[in-house]
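*Asks:* whatever this is, show me its structure:
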Amino acid sequence: SKVNAAVYQDVLEHFTLPAADQLYGDADFIFQQDLAPADSVKATSTWFKDHGIPVLNWPANSPDLNPIENLCGIVKRKMRYARPNNAEELKATIRATWALITPEQCHRLINSMPRRIAAVIQAKGAPTKY
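*Replies:* Purely as a prediction, here's the structure:
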């Protein structure tokens with residue numbers, strides 16, 4: 001379905017919050033998102049404020065430094081040979097594949113941010129290997 005503000009907030013509520021709790025516990029974190037329409041509407045900003053989550057807004061056409069893009073790539077590669085027959089099988093395959101992502105993989109991607117930023121600066125905003 002199309003991702004509108006309601007769908008985005010539902011994903012944040014049911015998937016992002018539990019994942020952040022598992023990864024960070026009570027530690028503070030900053031949520032990074034681009035300025036896609038569902039991300040930038042007032043209701044979504046209010047959702048983040050209501051949940052006490054600071055947001056680092058990221059320009060929509062900026063170099064793609066968000067580690068979630070790498071995680072999506074990992075999931076796609078792991079699913080390369082999956083052939084679900086319907087939407088429910090596809091959802092189950094995606095969930096099972098995401099479950100294989102370890103916290104260590106997430107932390108490695110997060111820890112790569114200084115290198116990613118340095119590469120973008122060196123490339124003056126042009127594409128990088130990331």
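*Asks:* what residue lies at the spatial centre of this structure?
*Replies:* Centroid-nearest residue in the chain: residue 68, 3.6 Å away (criterion: Cα atoms, centre = their mean).
*Asks:* what are the buried residues along stretch 38-48?
*Replies:* Within stretch 38-48, the residues scored as buried using 16 or more other Cβ atoms under 10 Å are 38, 39, 41, 44, 47, 48. Backbone N, C-alpha and C define where each C-beta goes, glycine included.
*Asks:* distance to residue 28, pLDDT and secondary structure added to those residues, as a markdown table?
*Replies:* Formatted as a markdown table, the buried residues of stretch 38-48 follow (distance: Cβ to Cβ, whole Å; pLDDT from 0 to 100; DSSP: H, G, I helix; E, B strand; the rest coil):
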| residue | distance to residue 28 | pLDDT | secondary structure |
| --- | --- | --- | --- |
| 38 | 24 | 73 | helix |
| 39 | 20 | 73 | helix |
| 41 | 25 | 84 | coil |
| 44 | 20 | 90 | helix |
| 47 | 18 | 93 | helix |
| 48 | 14 | 93 | helix |
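*Asks:* and those, which is closest to residue 108?
*Replies:* Residue 108 lies nearest to residue 39 out of the buried residues of stretch 38-48, by Cβ to Cβ, at 25.1 Å.
*Asks:* wait, that closest one touches residue 8, no?
*Replies:* Yes. Here residue 39 lies in contact with residue 8, judged by Cβ atoms under 8 Å, at a distance of 6.6 Å.
*Asks:* what score does the most far-flung residue of the chain relative to its centre have for pLDDT?
*Replies:* Here the chain reaches farthest from its C-alpha mean at residue 85, the gap being 26.3 Å by Cα atoms, centre = their mean. pLDDT for residue 85: 95.
*Asks:* quick one: residues in contact with the helix or strand bottoming out on mean pLDDT in the chain.
*Replies:* Lowest by mean pLDDT, DSSP states H and E among the helices and strands of the chain is helix 37-40, with a mean of 74. Residues outside helix 37-40 that contact it (Cβ atoms under 8 Å, 6 or more residues apart in numbering): 3, 4, 5, 7, 8, 33, 44, 57.
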